[in-house]
Each structure stands twice: as structure tokens, then as C-alpha cells.
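# With the sequence up front, the predicted model follows.
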Amino acid sequence: MAVKLADEMANRMQTWGEVNNMDYVVTVKWGQCGEQTNTYGFDTLEELEAFRFGVEQSNGWLDYEVEEDD
């Protein structure tokens, strides 16, 4: 039986197999009511901490845009 692609993904960028092979893993409940849960894996503690910092910095904002260098 074929597995749905969504069932194979821990998040939009990693499969469960990739996440399970990482040394550092965090699960985030997104939304005010935690309506979506994604799990992310990282090779180093520094990568995990940078991700957590980015999530914390973006908390409360509904949108973003990247400012281009001149």
C-alpha cells in the first residue's frame, strides 16, 4: 500500500527518516491553538538553538519579507 507523502514528512523540508537520524530534535506546535505540529531535526546544538531563536523572534508576527541588499 502506498503511503501519502504528507505521512512521510516530519516538516516541509525533512522526512521522518532524516529527522530520526539527527542528534537534536524539536517539535513545534504552530498556531494559537497548536493546530499544526511539525518536528525538526538538526545535526548540531548550534543549529537547534539558531532555529529556536528564529522561532522566538518571529513569534507574534503574521508575515515577513526579505530585504534585498543594494
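Great, that's in hand. Keep in mind the model is a prediction, meaning the values are calculated, not measured. Numbers count the residues shown, from 1 in each chain.
# can we go C-alpha only for contacts and neighbour counts from here?
Fine.
# Which parts of this structure are strands?
Secondary structure of the chain by DSSP state E: the strands cover 24-30, 36-42.
# May I see the buried residues of the first one?
Applying a neighbour-count criterion of 16 or more other CA atoms under 10 Å, the buried positions in strand 24-30 are Y24, V25.
# quick one, that strand and strand 36-42 angle?
With axes from the mean of the first three to the mean of the last three CA atoms, to 10 degrees defining the directions, strand 24-30 sits at 160 degrees from strand 36-42.
# What lies in contact with strand 24-30?
Contacts of strand 24-30 from elsewhere in the structure, counted by CA atoms under 8 Å, 6 or more residues apart in numbering, are 19, 35-45, 48.
# what's the spacing between that strand and its chain's center?
Remark: strand 24-30 is offset 7 Å from the chain centroid, using CA atoms, centre = their mean, to the nearest Å.
# ok, now stretch 27-46?
Taking CA atoms, centre = their mean, one finds stretch 27-46 lying 5 Å from the centre of the chain it belongs to.
# what comes up buried for that stretch?
Neighbour counts using 16+ other CA under 10 Å place T39, Y40, G41, F42 of stretch 27-46 among the buried residues.
# Straight-line length of it, end to end?
Terminal residues of stretch 27-46 are spaced 17 Å apart (CA to CA, to the nearest Å).
# average pLDDT across that stretch?
Taken as a whole, stretch 27-46 has an average pLDDT of 94.
# hmm, back to that, distance to Q57 added to the contacts of strand 24-30, as CSV?
As requested, these are exported to CSV (distance: CA to CA, whole Å):
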residue, distance to Q57
V19, 24
E35, 20
Q36, 19
T37, 19
N38, 18
T39, 19
Y40, 17
G41, 19
F42, 19
D43, 22
T44, 20
L45, 18
L48, 14
